[in-house]
Each structure stands twice: as structure tokens, then as C-alpha cells.
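Trainee: build me a model:
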Amino acid sequence: MSTLTDDLGRPIRTTTRASVLPVYDAAPPAPATATAGSAPAYDQGEPGSLSRRRLLLGGAGVVVLAGAATAGYVTLRGNSSTPKSSPTAATGSPLPDGLQPPAGLPASYLWLVVNLSDIAPRLAVTGSQLICTVDNDTTGGTQLVSLDATSGKAQWKADLPLDAILAGGPTLCPIDGSTSILLVSQNQIMAYPLGGGDPKTWPLQHNWNAPITPSGVIVTKPGDPENAYVLLHDTLTRRAVEKGTNPVAVLRDGTVVTTDLHGHVWLSADGTKAPKPTTLQAPKGTVPGTFVAATQNQLITAFVPRDRPTASMLRSFSLPDLTPRMTTAAIEPAVFPSTFMLAPDESWAVGSNTWINMATGDTRLITARWSPIAISAHNTWSKSGESILTADDTGKYLGPAKETGGQVIVPRGGTAQLAFCAGSVANETTLYAVPVTPSAE
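Mentor: The predicted structure is shown next:
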């Protein structure tokens with residue numbers, strides 16, 4: 001039997017391991033002699049030790065007082081809370097021994113989240129909020145946790161159904177005009193308000209396919225190739241689609257966008273009859289290539305230059321009118337959905353090894369072997385051998401990795417100030433809030 005692996009080739013656990021009820025506490029302060037790039041000794045404890053399997057919030061940046069390196073945090077267990085405070089170095093705490101940051105970032109963190117429920121965690125991030133899932137030993141299930149994206153302070157938490165096996169999310173997704181935190185399990189769709197509270201739920205059958213796209217959930221059923229179902233007015237609503245096409249987006253009015261491999265697009269707003277296709281306007285000298293990405297605002301498609309079959313030109317089309325918005329020069333190697341990542345505000349993207357201005361189509365080579373593994377509003381990252389490289393939101397490469405050995409923590413998202421990176425020590429997965437500043441030389 002083949003083994004599932006994460007971005008760095010490490011085995012991925014296929015069963016959820018229970019752990020303690022999340023506890024908010026302080027991260028250890030950095031020693032006075034430590035620098036941002038130092039790697040101090042770290043006591044990992046015994047494998048499975050309950051003392052480390054906690055949700056920890058602390059370090060510099062947690063309610064930092066003006067003019068001082070003092071951090072405040074709250075310890076939560078059940079419904080009780082005890083305010084505490086602790087001094088800490090302004091640069092945060094060194095990463096544990098054996099862990100290294102992505103290139104271009106310091107070897108320190110400001111706060112962390114222990115006990116994540118997945119070795120390759122999915123995160124939902126806004127400028128002010130980080131949402132993730134953690135294990136819960138008390139119930140044997142999983143909790144959805146919302147934190148302040150700058151300080152790491154807890155905002156709210158919610159227990160997921162005990163039998164929930166997550167197949168998707170948490171992801172920020174529009175439903176009926178409002179952004180929700182969406183999760184998909186084996187038997188239901190769950191949409192939590194950004195501010196917490198009870199979720200809306202919709203039942204699913206175990207063999208239904210319900211991927212979360214940037215524009216919403218699109219449900220398809222085996223043996224039903226001519227229909228797709230979208231969430232509209234709190235119900236799963238049927239849309240007739242052309243057989244053999246690929247549903248890629250759902251618009252605000254519930255219209256489903258489907259594509260094929262020949263440059264055709266269908267906009268289905270009816271539950272009984274599929275519409276006629278529209279042929280996308282191709283750049284001169286190209287033939288239709290593959291669908292690349294879609295949101296509620298735009299459809300991005302690759303076209304192949306006739307004289308450069310290993311390259312692709314990306315063209316963005318406005319939705320729903322399918323008017324061309326921008327076109328890039330030829331990018332080589334060719335761009336596919338797996339090598340394209342769009343920034344959350346849709347202003348820029350990375351396709352293969354190239355930074356793209358999504359308003360003008362201007363491009364810039366990042367490095368020849370760049371292939372994106374993560375993106376935030378302000379940074380993008382690429383795996384290179386055992387290293388992970390960093391570039392900013394203008395495509396500027398932040399420098400090569402240092403050959404220091406150890407496991408490189410993997411970025412999963414971030415904000416303007418922080419990169420949220422996951423690493424595993426002693427069978428525990430931890431999310432580190434790493435400051436987005438150049439490493440000390």
C-alpha cells in the first residue's frame with residue numbers, strides 16, 4: 001500500500017489522533033543570548049506526552065504593550081479563564097532544535113498552535129483572523145478554533161460532530177453573499193459564521209463529491225453527469241450542466257460555470273436544461289489549453305502558443321460576461337492548475353516559475369525552478385529539494401536557503417506580518433507564527 005506524504009515527503013497520518021482539550025498558554029521566552037537565527041536545545045519530552053500536546057499561544061506579539069516587550073495571554077480550559085502575563089524578547093522565541101524556517105525568514109516564532117488535527121493543515125486566514133482545526137482528547141473529536149491573526153489570542157472555538165471525518169476546509173467561502181468558514185465532512189457541509197456561533201449544515205451522502213472552490217461548494221453525484229448542485233438560499237439547488245464538462249465556479253446568483261478542454265464555457269442558471277456553450281476568445285497564435293482557476297469574478301485559462309507547445313499564455317476573463325481582462329506573455333514551463341496560485345485579493349498570482357500581475361498581465365521570472373506550494377496576500381513559497389524558498393508579492397526572491405540541516409517548516413498561509421508554518425516533532429504537528437522579515441545574517 002502506498003504511503004501518503006506531505007509537501008516535504010513526510011508520511012501523513014491517515015487517522016485522527018486524540019489529544020488534550022486545547023489550552024492557551026505562553027510560549028517559552030527566548031534566552032537572553034539567543035539571536036533570531038539560533039537553534040537552541042529543545043526538550044521534546046516523551047512521545048505522546050500530554051505536557052506538549054496543548055494549544056499554546058504566547059511569545060512576543062501577543063497583546064504587546066507599547067514601548068515594552070511584555071506579552072499578555074489568557075489560559076483557557078473549558079469555560080474558565082485566568083489572565084497571566086510574561087516578559088519575552090521582542091524577536092520572539094527560537095524554533096525548536098531540528099526545525100528550520102523557509103529561506104528568507106528568521107528562525108523564530110512569535111506564537112504557536114500545538115495539536116493540529118492534520119500534518120498538512122488547512123487554514124482560513126484574513127487580515128485579522130486565523131481559523132484552524134485541533135484535536136480534542138476530552139471528546140475524541142476535533143475542534144474548530146479562531147485566533148487573532150496578529151496576536152494569536154483565542155477568539156472562539158467550536159466542537160465539530162464527533163463522527164466528522166473532514167474532507168475539506170476550513171476555507172473562507174461565499175454563501176448567499178456572506179463569507180463563511182466552510183468545512184465538508186463525509187456526511188455534511190458545515191458553514192460557520194466568521195464571528196463564531198452555530199453553523200448552517202446541509203446533509204451529504206457518502207459517495208457525493210463536494211469540493212470547496214474559491215467561489216463556493218459544487219456538489220456532483222455519481223451516475224448523474226448532467227447535473228450539479230450549489231448552495232443557494234440555504235438549499236442545495238440543481239443546475240443542469242453539459243455532460244462531460246467540469247464545474248469550476250458558482251456565481252453570486254447560483255449560476256454554475258463549467259468548462260471543457262477546447263476553450264468552451266457554459267453558464268448554467270437553470271435546473272432542467274443546459275445552456276449553449278460560449279467559445280473563449282483565444283490570444284493570437286494559440287490554441288485552447290487547460291482551465292487554470294476561477295473565482296466569482298474571473299475565469300483563468302491557459303492557451304498554448306502554436307510555436308511553443310511546452311509554454312502557455314494565461315488569459316483572464318471577467319465573469320459572467322467572459323470579456324478578456326488580461327493576457328500574459330508565454331510562460332515556460334506551461335502552467336496547470338497544480339502550478340498556479342492566486343493571491344487572496346486576486347491582484348497577483350504565481351504560475352509555474354513566474355509572478356503575474358493580474359490587472360495588467362505583466363510577468364516576472366522568480367527563479368527558473370520555482371513551483372508554488374503556498375501563497376498569502378503578501379508572500380509565496382516554493383519547494384526546492386529539501387528547502388523552501390520565499391518571494392514577496394512583487395515576485396522578488398528573498399534569497400537562497402542556508403544549508404543548516406533539519407526539517408523545514410512548511411508555510412500554509414500568512415498575513416503581512418506573519419507566515420503560518422507547520423512542522424512536526426515527536427508525532428505532533430505545530431503551527432508557528434514566523435515573522436515575515438529577512439533572516440539575520
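
Trainee: contacts, neighbours, all on C-alpha from now
Mentor: Fine.

Trainee: surely Trp370 is in contact with Trp355?
Mentor: No: the criterion here is Cα atoms under 8 Å, and Trp370 misses it with Trp355 at 10.0 Å.

Trainee: more neighbours: the two, which one.
Mentor: More crowded of Trp370 and Trp355, by other Cα atoms under 10 Å: Trp355, with 27 against 23.

Trainee: surely the more buried one is in contact with Ala368?
Mentor: No: in this structure Trp355 lies outside contact range of Ala368 using Cα under 8 Å: 11.6 Å.

Trainee: tell me the pLDDT at Ser85?
Mentor: Note on Ser85: pLDDT of 28.

Trainee: ok, now Leu431?
Mentor: For Leu431, the model assigns a pLDDT of 97.

Trainee: list the beta-bridge partners for it.
Mentor: Val113, Ala422 (DSSP bridges).

Trainee: that one and Ser151, how far apart?
Mentor: 14 Å (Cα to Cα, to the nearest Å).

Trainee: which of these two has more neighbours?
Mentor: More neighbours surround Leu431 than the other of Leu431 and Ser151, with 27 against 23 (other Cα under 10 Å).

Trainee: for the more buried one, what are its contacts?
Mentor: Residues near Leu431 by Cα atoms under 8 Å, 6 or more residues apart in numbering: 112-114, 116, 420-423.

Trainee: who is Thr380 paired with across the strands?
Mentor: Going by DSSP bridges, Thr380 forms beta bridges with Ile375, Ala391.

Trainee: meant to ask about Val217, not that
Mentor: Beta-bridge partners of Val217, as defined by DSSP bridges: Ile212.

Trainee: surely it meets Ala210?
Mentor: Yes: Val217 is within contact range of Ala210, at 6.2 Å (criterion: Cα under 8 Å).

Trainee: show me what contacts the residue lying closest to Ala349 once chain neighbours are set aside?
Mentor: Excluding its sequence neighbours, the residue lying closest to Ala349 (Cα to Cα, 6 or more residues apart in numbering) is Leu342, at 4.3 Å. By Cα under 8 Å, 6+ apart, Leu342 lies in contact with 348-350, 375.

Trainee: got the phi and psi for Leu342?
Mentor: Note on Leu342: its backbone torsions stand at phi -110, psi 130 [degrees, to the nearest 10].

Trainee: could you do Thr290 as well?
Mentor: phi -100, psi 150.

Trainee: can you show me the strands along the stretch 251-400 of the chain?
Mentor: Remark: strands assigned in the stretch 251-400 of the chain by DSSP state E, counting those that start in this stretch are 256-259, 264-268, 278-279, 286-294, 298-305, 313-318, 324-327, 340-342, 348-351, 354-357, 363-365, 372-375, 379-384, 387-392.

Trainee: let me have these in a markdown table, extended by distance to Pro94.
Mentor: A markdown table is the format used below for the strands of the stretch 251-400 of the chain (distance: least, Cα to Cα, whole Å):
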| stretch | distance to Pro94 |
| --- | --- |
| strand 256-259 | 47 |
| strand 264-268 | 51 |
| strand 278-279 | 55 |
| strand 286-294 | 38 |
| strand 298-305 | 41 |
| strand 313-318 | 42 |
| strand 324-327 | 44 |
| strand 340-342 | 30 |
| strand 348-351 | 31 |
| strand 354-357 | 31 |
| strand 363-365 | 33 |
| strand 372-375 | 23 |
| strand 379-384 | 21 |
| strand 387-392 | 18 |
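
Trainee: deepest in the core, which of the ones you listed is it.
Mentor: With neighbours taken as mean count of other Cα atoms under 10 Å, these reach their highest mean count in strand 348-351, at a mean of 27.

Trainee: other SSEs contacting that strand?
Mentor: Of the remaining helices and strands, those touching strand 348-351 by 3 or more Cα pairs under 8 Å, 6 or more residues apart in numbering; DSSP states H and E are strand 340-342, strand 354-357.

Trainee: need the ones you listed in JSON lines with distance to Ala120, can you?
Mentor: Listed next are these as JSON lines, based on distance: least, Cα to Cα, whole Å:
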{"stretch": "strand 340-342", "distance to Ala120": "17"}
{"stretch": "strand 354-357", "distance to Ala120": "25"}
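
Trainee: check contacts around Ala293.
Mentor: Ala293 neighbours (Cα under 8 Å, 6+ apart): 248, 299-301, 337, 340.

Trainee: what bridges to it?
Mentor: Ile300.

Trainee: that one and Leu431, how far apart?
Mentor: Using Cα to Cα, Ala293 is found at 28 Å from Leu431.

Trainee: grab the nearest non-local neighbour of Pro193.
Mentor: The nearest residue in space to Pro193 (Cα to Cα, 6+ apart) is Ser180, at 5.2 Å.

Trainee: thinking again about what came up before, same list, the helices and strands packed on strand 348-351, but as CSV with distance to Trp202 and mean pLDDT please.
Mentor: Formatted as CSV, those follow (distance: least, Cα to Cα, whole Å; pLDDT from 0 to 100):
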stretch, distance to Trp202, mean pLDDT
strand 340-342, 28, 97
strand 354-357, 37, 98
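
Trainee: and those: which comes nearest Leu314?
Mentor: strand 354-357 (9.5 Å; Cα to Cα).

Trainee: show me what the closest one pairs with in its sheet, parallel or antiparallel.
Mentor: Next to strand 354-357 in the sheet, as set by DSSP bridges, lie strand 348-351 (antiparallel), strand 363-365 (antiparallel).

Trainee: pipe those strands into JSON lines and attach distance to Gly197 per row.
Mentor: Putting these into JSON lines (distance: least, Cα to Cα, whole Å) gives the following:
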{"stretch": "strand 348-351", "distance to Gly197": "33"}
{"stretch": "strand 363-365", "distance to Gly197": "43"}
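
Trainee: with respect to Thr328, which of those strands lies nearest?
Mentor: Here strand 363-365 is closest among the strands paired with strand 354-357 (Cα to Cα), at 6.8 Å.

Trainee: hmm, who's touching the closest one?
Mentor: By Cα under 8 Å, 6+ apart, strand 363-365 touches 328-329, 353-357, 395.

Trainee: span of stretch 168-188 from start to end?
Mentor: End-to-end distance of stretch 168-188: 11 Å, with Cα to Cα as the criterion.

Trainee: now stretch 224-238
Mentor: OK, stretch 224-238 end separation, Cα to Cα: 11 Å.

Trainee: average pLDDT for it?
Mentor: Regarding stretch 224-238, the rounded mean pLDDT is 93.
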